[in-house]
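Undergrad: this is a predicted model, with the sequence first.
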Amino acid sequence: MHTYASKTFSEIIPDIVKKYAGNRAVGFFEEDHLTYEELGREIESMQAFLEDLGVQPGDKVAIYSQNMPNWVVVYFALQCMGVVAVPILPDFNSHELENVLNHSGAGVLFISESLTYRLDDVEPESLDTVISLNDFSIISTSKKRPVYRQNRKPSKTYSPDADKLSILIYTSGTTGGSKGVMLSQKNVIVNTFQSAGVQEINEKERFLSVLPLSHSYENTIGLLLPMFHGACVTYLRKPPTSSVLLPALKKIRPHFMLTVPMIIEKVYRNSVLPQIESKAVTRVLHKFFLTRKLLYRIAGKKLYQTFGGRLKFFGIGGAKLDGVVERFLREAKFPYAIGYGLTETSPLLAGSNPSNTWFQAIGPAVEQCQLKINDPDPVTGEGEVWAKGPNIMLGYYKNPEETKAKLTEDGWFKTGDLGVFDKKGRLYHKGRLKNLIVGANGENIYPEEIESLINNFHHVVESIVIKKKGKLVALVHFNREEVEERVRGMTEGITHRVDQMLDELAAELQQHINKRVNKYSRIQLLVVHPDPFQKTATKKIKRYLYG
């Protein structure tokens, strides 16, 4: 493993600033990027500004913003000083923001101007100073009001402890209230090089960053990994809708991009599949293995060009990738990669790069990390995935009970995920332990597998399968606009006809699913859910809201 893996940010940052001085580091699309040398100067100026604010090593400073170069400046300045960074997901509402600020005890908050309205409903207990992340001007403070000035140097030398709390990340979690995950500099720095062991990267390569930096997945693999290797990272000023993303991909032509399954699944269902199904001849060709491969290969070449034509790593993590969509990516020869991990593991535990993916598998454990299946089922080999290594968190902040429940005395972390290994040591994800439904006769029912079948039925956007009053229930959100298109032109009222057609689709879907699953996984009730489901930062449905 790289020599950086045993160092702290205060040692690494000056080194990479010097080594890659003239390289472009971070910037917005179609705007000037900071070079590594300029980034280094900004980081030093920020440290001097933080000193003026009276911020000390061990203090907690929150960052609540969309991705931007200044996010990176503040984050690295905090790490170099040994100040605890508290990155907050920009989609956290006022209530969640207040909870995080109060639970963490953050005294300073850097906030992007577009999110300041959320402070109106927040009553923070320990927060003293609020600063605009856009230009580092002070929004409010009870202390003196220093001014951020460029080209300054900190007055002190800092030597943070690599093993102490350094980053406090509050998970959005699909199962209820947020928990503060305590990570050290060693955790994330080691994991950066564990990630590099999955995929090589060099200083000439470009990243396009679309996931929030306050999520450990983007933070470690989408920021630290490129920065430690002198590569360039570009951010978008607007949310990555098609109209924003497509021109950016065309101009940036990224080599690396990180995403979640929902994004590529949408591309497949909204762009690739409709084109195939629009002509009778391609509909027929799609039904046969060899001609389907040919169709997918043509579609894959087109998709590759849409992404700029030089993509070498399209990382997919955060949830399991749908099998139908993965089959398309494989047959299209699209350079997708799979990663698995949690905030608590900094995050990467296992993964594969585009040259060694295996259908529906995650891949082997990253170097210096042990994975095991605890108490495996004697027949299937499935059980809870446990992990041990230098990337495992210190624990949950102010929550010794939860820490004790998740970390064993000898250092194993209980992931809460069900998995199994194949003979080659590749990990397969079977679902969340908490989502597992036990049937009437003790059978294991994996809702994620049923949902995958449902989500590939025509006009379905998303679904969740739950157990309610002893019954297996599917909540299904259909694409109402598509159904409206189908009934347009009919004489009777569109709303009535759409509702009727959705009921017909639901009945057809229930029949379709129940023919394809074992008898104890059959859906007993299918409910049309009119609205999209609420989701976490990595686009996982917050199941606890619908149980």
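TA: Here it is on my side, so go on. Residues are numbered from 1 along each chain as shown.

Undergrad: three-state assignment of residue 417?
TA: Secondary structure assignment for residue 417 (DSSP: H, G, I helix; E, B strand; the rest coil): strand.

Undergrad: what are the neighbouring residues in contact with it?
TA: Going by Cβ atoms under 8 Å, 6 or more residues apart in numbering, residue 417 touches 340, 384, 385, 429, 430, 431, 432, 433. C-beta here means a position set from N, CA and C on the backbone, and glycine is covered the same way.

Undergrad: you'd agree residue 181 is up against residue 347?
TA: No. The pair residue 181 and residue 347 does not pass the contact test of Cβ atoms under 8 Å, sitting 9.7 Å apart.

Undergrad: any residues in contact with both of those two?
TA: residue 216.

Undergrad: the more surrounded of the two?
TA: Counted by other Cβ atoms under 10 Å, residue 181 and residue 347 do not tie: residue 347 has more neighbours, with 27 against 24.

Undergrad: ok, for the more buried one, nearest residue in space, not its chain neighbours?
TA: Nearest non-adjacent residue to residue 347, counting by Cβ to Cβ, 6 or more residues apart in numbering: residue 341, 3.6 Å away.

Undergrad: count the residues that sit near the one you found.
TA: Residues contacting residue 341 under the criterion other Cβ under 10 Å number 28.

Undergrad: next up, phi/psi of it, please.
TA: Dihedral pair for residue 341: phi 180, psi -180, per degrees, to the nearest 10.

Undergrad: in stretch 331-339, what's buried?
TA: Neighbour counts using 16 or more other Cβ atoms under 10 Å place 331, 332, 334, 335, 336, 337, 338, 339 of stretch 331-339 among the buried residues.

Undergrad: list the ones among those that fall in strands.
TA: Those of the buried residues of stretch 331-339 mapping onto strands are 336, 337, 338, 339, per DSSP state E.

Undergrad: so the second one bridges to which residues?
TA: In this case it means residue 337. Beta-bridge partners for residue 337, by DSSP bridges, are residue 315.

Undergrad: right, and it touches residue 356 too?
TA: No. Applying Cβ under 8 Å, one finds residue 337 not in contact with residue 356, separated by 9.0 Å.

Undergrad: tell me the phi and psi of residue 24?
TA: Torsion angles at residue 24 (phi, psi; degrees, to the nearest 10) stand at phi -70, psi 130.

Undergrad: state the pLDDT value of it.
TA: The per-residue pLDDT reported for residue 24 equals 98.

Undergrad: what sits against it?
TA: Residue 24 makes contact with 33, 34, 35, 232, according to Cβ under 8 Å, 6+ apart.

Undergrad: on the pLDDT front, check residue 1 for me.
TA: Looking at residue 1, its pLDDT is 52.

Undergrad: same question, residue 53
TA: Listed pLDDT for residue 53 reads 96.

Undergrad: hang on, it packs against residue 147?
TA: No. Applying Cβ under 8 Å, one finds residue 53 not in contact with residue 147, separated by 11.0 Å.

Undergrad: which one's more surrounded, these two?
TA: It is residue 53, of residue 53 and residue 147, that has more neighbours when counted by other Cβ under 10 Å, with 22 against 9.

Undergrad: so who does that one touch?
TA: Under the criterion of Cβ under 8 Å, 6+ apart, the neighbours of residue 53 are 108, 129, 141, 143, 146.

Undergrad: picking that back up, quick one: which of the contacts of residue 24 has the most company?
TA: Highest neighbour count within the contacts of residue 24: residue 232, with 24 neighbours (other Cβ under 10 Å).

Undergrad: what is the mean pLDDT for the top helix by length along the chain?
TA: Criterion DSSP state H: the longest helix present in the chain is helix 494-514. The predicted model gives helix 494-514 an average pLDDT of 91.

Undergrad: show me which positions of the helix or strand that it is followed by end up buried.
TA: Beyond helix 494-514 in the direction of the C-terminus, DSSP states H and E gives the next helix or strand as strand 525-528. Neighbour counts using 16+ other Cβ under 10 Å place 526, 528 of strand 525-528 among the buried residues.

Undergrad: elements contacting strand 525-528?
TA: Contact analysis of strand 525-528 by 3 or more Cβ pairs under 8 Å, 6 or more residues apart in numbering; DSSP states H and E lists strand 471-478, helix 494-514 as its packing neighbours.

Undergrad: between those, which gets nearest to residue 9?
TA: With Cβ to Cβ as the criterion, residue 9 lies closest to strand 471-478 of the helices and strands packed on strand 525-528, at 43.0 Å.

Undergrad: any chance of a markdown table for the ones in strands among the buried residues of stretch 331-339, columns distance to residue 399?
TA: Listed next are those as a markdown table, based on distance: Cβ to Cβ, whole Å:
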| residue | distance to residue 399 |
| --- | --- |
| 336 | 36 |
| 337 | 33 |
| 338 | 31 |
| 339 | 27 |
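
Undergrad: just send these back as CSV, with pLDDT too.
TA: Below are those laid out as CSV (pLDDT from 0 to 100):
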residue, pLDDT
336, 98
337, 98
338, 97
339, 97
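
Undergrad: out of those residues, which comes closest to residue 461?
TA: For these, with residue 461 as the reference and Cβ to Cβ as the criterion, the closest is residue 336, at 21.8 Å.
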